[in-house]
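Peer 1: Sequence first, then the predicted structure:
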Amino acid sequence: MKRTTSKGDGVPVPASSRRARLIQASPIRKLNPLADAAKKSGIRVYHLNIGQPDIPTPADYWEAMKCRIPEVLAYGPSQGIPELREAICRYYDRLGTAITSDQVMITTGGSEAVIFAMMAVCDEGDEVICFEPFYTNYNGFATMAGITLVPVRSRVEDGFHLPSDDEIESGFTKRTKAVLVCNPNNPTGTVLEAGELERLAKLVERHNLFLLADEVYRDFTFDARRHASVLDLANIPEQVIVMDSISKRFSSCGARLGNIISRNTEVMEGILKFGQARLCPPTMAQYGAAYLYDKLDESYFRKVSDTYQSRRDVLVEELEGVEGVFFLKPEGAFYATIRIPVKDADDFAAWMLTGFNVDGRTTMVAPAAGFYATPGLGLDEVRIAYVLKEEDMRTSLDILKKGLAVYPGRKA
């Protein structure tokens, strides 16, 4: 394929790759130019569109890095520094899960962990089953890896819990290599029960597949729920791969540190070679993370989880009973996918930034269609990240309700 230069001189230049043309724009970030323009005009924008916690990064994270400032900031090991991998093992040991440091690979963010896991189990053209709505960047990762995400729908009426085995198996083909879950879930806030994971374990064992689990939000479960990890599925130890990150656990999204855990030696050998190709993950951040994995105990995570649960309760109080709004109470993480009375949530979200405000303030949400792979789904849904302090949550949700009441594209 050829294209013409922007100068209009008719000189052909190479086109970009099919991969570059197909990759999806982030529904979380694509409205940022509108938000930036609103801010420049003096509008205060409440960001419920992105999972950026406002909880301070623990001070000990910075102190631990200061204690390790080297004369030369050199390359580190491709698999991550031993101190961090061993600290992660101790973290899991406290939870009752036994892993060894050679089963842990440190990655540059949880994003790299997902990409590496996909590439380790799939060849180009292979397929991964994913329950929609799902974390939208999975689409981008799959495009970069040259694989296809096959969506199996979960429904808001069921709290986005897993569909039946028959529905799941209906997506399987000869190219299926893995099933991917996010638990607790982004964008729905659903926490899968142990029985649901056991069902998946039987399916992947029967069909000889991998089970990939994004467990980034494992420490944030509500109403006395306990997170069940796929690492504890005894019948498929070598078919399980966990992807994780410190971004939300330690409120350190900019550190760009994640990890992969697998008991499958061949998989880990391949992932290590991927890591060698990018040299190493951020070195100094690893020292801070290692210290926190050892220092912060259950009381820290319970306090943070309780904070998000309180914000979840504000969300429920403010939106439950609003005409045309439907959702079930989120069970973990800090997200909710909510059906709203509009024909096009993309248009509504843009209108909130360009055509509506309350006393110079407005609210930004993420349209949910981008969290689905099936065309036409999620058009009347938004994802809300309840990451603001309670006062700001109430204000932003009040603005949202007022916007819904007068939006020109509201469903009758």
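Peer 2: All right, it came through fine.

Peer 1: Do you have the strands of the stretch 101-250 of the chain handy? List them.
Peer 2: With DSSP state E, counting those that start in this stretch as the criterion, the stretch 101-250 of the chain has strands at 104-107, 127-132, 148-153, 176-182, 210-214, 240-245.

Peer 1: now those strands as JSON lines including mean pLDDT and distance to Gly270?
Peer 2: In short, each C-beta sits where N, CA and C put it, glycine included. Conversion of those to JSON lines gives the following (pLDDT from 0 to 100; distance: least, CB to CB, whole Å):
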{"stretch": "strand 104-107", "mean pLDDT": "98", "distance to Gly270": "10"}
{"stretch": "strand 127-132", "mean pLDDT": "98", "distance to Gly270": "16"}
{"stretch": "strand 148-153", "mean pLDDT": "97", "distance to Gly270": "20"}
{"stretch": "strand 176-182", "mean pLDDT": "98", "distance to Gly270": "13"}
{"stretch": "strand 210-214", "mean pLDDT": "98", "distance to Gly270": "12"}
{"stretch": "strand 240-245", "mean pLDDT": "98", "distance to Gly270": "11"}
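
Peer 1: Would you quantify the distance from Glu323 to Arg312?
Peer 2: To Arg312, Glu323 is 21 Å away according to CB to CB, to the nearest Å.

Peer 1: Between those two, which is the more surrounded one?
Peer 2: Taking other CB atoms under 10 Å, Glu323 and Arg312 do not tie; Arg312 has more neighbours (24 against 9).

Peer 1: Report whether that one is found in a strand, as I expect.
Peer 2: No: with DSSP: H, G, I helix; E, B strand; the rest coil as the criterion, Arg312 is assigned helix and is not in a strand.

Peer 1: residues contacting it?
Peer 2: Contacts for Arg312 were tallied using CB atoms under 8 Å, 6 or more residues apart in numbering; they are 189, 222, 329-330, 334, 336, 386.

Peer 1: That one and Thr148: what is the separation?
Peer 2: From Arg312 across to Thr148, the span is 34 Å (CB to CB).

Peer 1: picking that back up, looking at the strands of the stretch 101-250 of the chain, which is closest to Gln24?
Peer 2: strand 148-153 (10.7 Å; CB to CB).

Peer 1: what distance separates that closest one from the centre of its chain?
Peer 2: 16 Å (CA atoms, centre = their mean, to the nearest Å).

Peer 1: Give the partner strands of it in its sheet and their orientations.
Peer 2: Based on DSSP bridges, the strands next to strand 148-153 in the sheet, each with its direction, are strand 127-132 (parallel).

Peer 1: how many neighbours does Asn60 have?
Peer 2: Just to correct that, residue 60 is Asp rather than Asn. Asp60: 14 neighbours (other CB under 10 Å).

Peer 1: dump the residue contacts of it.
Peer 2: For Asp60, the contact set (CB under 8 Å, 6+ apart) comprises 288, 291-292, 295.

Peer 1: what about whatever helix or strand it lives in, distance to the chain center?
Peer 2: If you go by DSSP states H and E, Asp60 is part of helix 59-66. Per CA atoms, centre = their mean, the displacement of helix 59-66 from the mean C-alpha position of its chain is 26 Å.

Peer 1: How about it, which residues are buried there?
Peer 2: Across helix 59-66, burial judged by 16 or more other CB atoms under 10 Å covers 61, 64-65.

Peer 1: what's the answer for stretch 290-304, then?
Peer 2: Within stretch 290-304, the residues that qualify as buried are 290-294, 296, 301, 304, counting by 16+ other CB under 10 Å.

Peer 1: ok, and what's touching that stretch?
Peer 2: In this structure, residues lying in contact with stretch 290-304 by CB under 8 Å, 6+ apart are 55, 58, 60-61, 63-64, 81, 83-84, 86-88, 90-91, 94, 219-220, 246, 249-251.

Peer 1: neighbours around Ala255, how many?
Peer 2: Neighbour count of Ala255, defined by other CB under 10 Å: 23.

Peer 1: Give me the pLDDT for it.
Peer 2: Note for Ala255: predicted pLDDT of 96.

Peer 1: Identify the residue nearest it in space, chain neighbours excluded?
Peer 2: Leaving aside its sequence neighbours, Ala255 sits nearest to Ala285 (CB to CB, 6 or more residues apart in numbering; 4.2 Å).

Peer 1: domain ranges for the chain?
Peer 2: By the assignment in automatic domain parsing, the chain contains the domains 19-56+299-406, 59-298.
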